[in-house]
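# Below are the sequence and a predicted model; questions follow.
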Amino acid sequence: MIFTGHAPGSSSYRRLIVGLFFAGIATFAQLYSPQAVLPQLAADLEVSPATAALTVSAATLGLAAAVIPWSLVADRIGRVQAMAIGVIAATVFGLLAPLSSALEMLLLLRLLEGIALGAVPAVALAFLSEEVAARSAAAAAGSYIAGTTVGGLLGRVLSGIVAEPAGWRAGMWTVAAVCVGAAVLFLWLTPRAQGFVPGRLRAGGDVTGVLARLVTPLRSGAQLALNAQGFLLMGAFVAVYNYLGFHLAAPPFALPAWLVTLLFLAYLAGTVSSPWAGTLASRIGRYPVLLCATALMAVGSLAMLAGVAWVVLIGLLLFTAGFFAAHAVASGWAPVAAGPATRAQASSLYYFGYYAGSSLFGWALGIVFGSADWTWFVIAVVALCAVAAGLASVALRGTPGARPFADAA
């Protein structure tokens, strides 16, 4: 009997979504746990904001470098097996990183942690596209991205709250300990793969060459445009969350550290917007949803120019909702547009661009923030959104997956 994917509402579908939800927590909580404690970390280690932000960029750089190798490993040994190895290794490095005695050691352990964490984003969406019915792929991708927002929120808020009385090391270690529990739940809940046969188990071996599977998506203008969405929009997103705390801790706001930490609750806007964007994309198509989400990011960025804290918060909510809606659409679109033979590679290339943008702009926009001011920083963020929207308008309008599922069928 041919496997056509787990149907929404079935027990296996729920286990799949919830299992990947906990994988998202185990991955993204520890990936971004330093972000809420960057001001304390900078003060403790006596470094600049841009240097402190390297603790985030080191992990995302490692992740960017690892997503393509992880996709090849997953093709060989299996999707769930690759994610399990990565999550377990990452939790070990995550527990060790806060114990570092120097910045150099901390950055090295964060780099290794990022390399291990690359297994989940490299594989999760390809795994989903193979394990759920095609009609449900966009909605399932949105649900997975919603889980990653909870992980990102948990890592930031928990580390910030614990760091206030106990220091940034205790904050990061607490998050790593929580990720151990999330990793266990992921391993327990996730059903075995039925929509993909690992290369080592195929009767004829792994016929498609490694290089061919990587090069094929790079020959597509649509795939390059989708990768650019991740590169530019994630760069803008991480930069805002890296440096907004420094901006709000300074005059005219002068907000205390605990209150700045609570602003990360704006992440909940992404928890709502990502599944909503996935569902809407199934109805009206991915293309218009992507453009509207990017426009919402730009509007939210401009609102953060205000000198009143509550207006900045509204801008952050709009910006966050727009980012996660755009990411849910673009990340789920890449493997669908690539086709069955190169799904894992298309997804991993998207995430390569995604985390390369995080590493580059998460650091580079810190130089803009430090040497110019917040206004120029926001202008740079809006420019990244504008370039992403322009590329989408040129290359993605007629791409497979752009239209609603029923129309495309």
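Thanks, I have it.
# neighbours of Ser331, just the number please.
A count of nearby residues for Ser331, using other CB atoms under 10 Å, gives 26. (Glycine included, C-beta is placed from N, CA and C.)
# close enough to count as contact, it and Leu125?
Yes. A contact is recorded between Ser331 and Leu125 when judged using CB atoms under 8 Å, the distance being 5.7 Å.
# any shared contact partners between these two?
Ala141, Ser347 (CB atoms under 8 Å, 6 or more residues apart in numbering).
# The helix or strand Ala183 falls within - contacts with which helices or strands?
Following DSSP states H and E, one finds Ala183 within helix 168-189. If you count contacts as 3 or more CB pairs under 8 Å, 6 or more residues apart in numbering; DSSP states H and E, helix 168-189 packs onto helix 11-31, helix 38-45, helix 79-96, helix 137-166.
# Least reliable of these by average pLDDT, please.
Ranked by mean pLDDT, these bottom out at helix 137-166, which scores a mean of 83.
# same for it, what does it pack against?
Against helix 137-166 (3+ CB pairs under 8 Å, 6+ apart) you get helix 11-31, helix 119-131, helix 168-189, helix 257-262, helix 268-284, helix 309-338.
# Report the angle between the helix or strand following the last one and helix 309-338.
Read it as helix 309-338. In the C-terminal direction, the helix or strand that comes right after helix 309-338 (DSSP H and E) is helix 343-371. Computed by axes from the mean of the first three to the mean of the last three CA atoms, to 10 degrees, the angle separating helix 343-371 from helix 309-338 equals 150 degrees.
# Going by neighbour count, which residues in the following helix or strand past helix 343-371 are buried?
Remark: after helix 343-371, the chain's next helix or strand is helix 374-395, criterion DSSP H and E. For helix 374-395, burial by neighbour count (16 or more other CB atoms under 10 Å) applies to 374, 377-378, 380-382, 384-385, 387-389, 391-392, 395.
# For Ala277, give me its contacts.
Gly142, Val289, Ala293, Phe324, Ala325, Ala326, Ala328, Val329.
# re the thing from before, now the buried residues of helix 374-395 as CSV including pLDDT and distance to Leu313?
As requested, the buried residues of helix 374-395 are arranged in CSV below (pLDDT from 0 to 100; distance: CB to CB, whole Å):
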residue, pLDDT, distance to Leu313
Trp374, 95, 15
Phe377, 97, 17
Val378, 98, 15
Ala380, 98, 21
Val381, 98, 17
Val382, 98, 18
Leu384, 98, 22
Cys385, 98, 19
Val387, 98, 26
Ala388, 98, 24
Ala389, 97, 24
Leu391, 96, 30
Ala392, 95, 28
Ala395, 90, 34
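# what's the farthest-apart pair in the residues you listed?
When the buried residues of helix 374-395 are compared pair by pair using CB to CB, the farthest-apart members prove to be Trp374 and Ala395, with a separation of 32.3 Å.
# re earlier: could you dump the helices and strands packed on helix 168-189 into CSV and include distance to Gly353 and mean neighbour count?
Shown next, in CSV, are the helices and strands packed on helix 168-189 (distance: least, CB to CB, whole Å; neighbours: other CB atoms under 10 Å):
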stretch, distance to Gly353, mean neighbour count
helix 11-31, 16, 23
helix 38-45, 24, 18
helix 79-96, 19, 22
helix 137-166, 16, 24
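# quick one: Leu255 is in a strand?
No. When DSSP: H, G, I helix; E, B strand; the rest coil is applied, Leu255 is found to be coil, with no strand at that position.
# For Val123, which non-adjacent residue is spatially closest?
Ala74 (4.5 Å; CB to CB, 6 or more residues apart in numbering).
# for Ala395, same thing?
Here the nearest residue to Ala395 in space, its sequence neighbours aside, is Ala225; by CB to CB, 6+ apart that works out to 3.6 Å.
# Surely the one you found touches Leu391?
Yes. Contact status for Ala225 versus Leu391: in contact at 4.8 Å, counting by CB under 8 Å.
# hey, what's in contact with both of those two?
Both Ala225 and Leu391 lack any common contact, where contact means CB under 8 Å, 6+ apart.
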